[in-house]
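1. sequence and predicted structure below; questions after.
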Amino acid sequence: MPKIRSSILIPLVAAIAGLSIFWIKYEEWIKIPRAREPVRALMKDPDSTQFKAEYLEGDGWLCGELNAKNEYGAYVGFKRFMSNAKGGKIYIDGMGALGNQHDAESTGEMIARLDKEIKLLKQSNESRLNGGPIIKYSQQERDTIVAQWIFNNKWAENCPSSTSLHG
């Protein structure tokens, strides 16, 4: 058997090790940063947006937490988010769908939104009929409740590996 020189063997082993590390870290170094871009683009200060606990689901959803600055330049605290660059959909906890959400919403999502608003109105009416307090929600309160409900349903559907994230 011919003897392999160490001058060839060492660089070869180093190259294989380097490729192995790149392959293992490919999602963290390449795929996740690419998947973040649509989310960052919607922030007031994209360069200051912080991300943590991110992971990719098999169907292209990036799930995790983000912290972004508000209009006063202060960080608002980490919130769960999910983004699907393929479908152009971005959801942030407490904010619902971002971007041009009405164009992004499917017919099913619009029906779910209307269904939740009807449930809120029925809840208010039942309380009044049963002698309870009249529950009145402003449009902003209804929008917030519905956005949270939609987010939680979307999170459960698209980010099932999220056992370590709050919510």
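-> Alright, I've got the coordinates.

2. going forward, measure contacts and count neighbours with C-alpha atoms only.
-> Fine.

3. ok, L98 touching S83?
-> No. In this structure, L98 is not within contact of S83 by CA atoms under 8 Å, at 9.7 Å.

4. what touches both of these two?
-> Shared contacts of L98 and S83, defined by CA atoms under 8 Å, 6 or more residues apart in numbering, are found at K89, I90, Y91.

5. most surrounded residue in these?
-> In terms of neighbours by other CA atoms under 10 Å, the shared contacts of L98 and S83 top out with Y91 at 25 neighbours.

6. against N125, how distant is that one?
-> 30 Å (CA to CA, to the nearest Å).

7. could you do A85 as well?
-> 40 Å.

8. L98 and S83: who's more crowded?
-> Per other CA under 10 Å, whichever of L98 and S83 has more neighbours is S83, with 25 against 16.

9. where in the protein is pLDDT low?
-> 1-7, 9, 11-29, 99-107, 162-167 (pLDDT under 70).

10. at the geometric centre of it, which residue sits there?
-> M82 (1.3 Å; CA atoms, centre = their mean).

11. give the buried residues for the longest helix belonging to the chain.
-> Counting residues, the longest helix found in the chain (DSSP state H) is helix 107-129. Across helix 107-129, burial judged by 16 or more other CA atoms under 10 Å covers R113, K116, E117, L120, L121, S124, N125.

12. and whichever helix or strand comes after that helix, how far from the chain's centre?
-> The C-terminal neighbour of helix 107-129 among helices and strands, as given by DSSP states H and E, is helix 139-158. Here helix 139-158 is found 13 Å from its chain centre; the criterion is CA atoms, centre = their mean, to the nearest Å.

13. setting aside sequence neighbours, what's the nearest residue to M43?
-> The shortest distance from M43 to any non-neighbouring residue, by CA to CA, 6 or more residues apart in numbering, is to A68 (6.9 Å).

14. correct me, but the one you found touches D47?
-> No. A68 is beyond contact range of D47, at 9.4 Å (criterion: CA under 8 Å).

15. which one of those two is surrounded by more residues?
-> A68 (22 against 10).

16. for that one, give me its contacts.
-> Going by CA under 8 Å, 6+ apart, A68 touches M43, K44, D45, P46, S48, T49, Q50, Y75, V76, G77, F78.

17. number of nearby residues for the last one?
-> Burial measure for F78: 15 neighbouring residues, criterion other CA under 10 Å.
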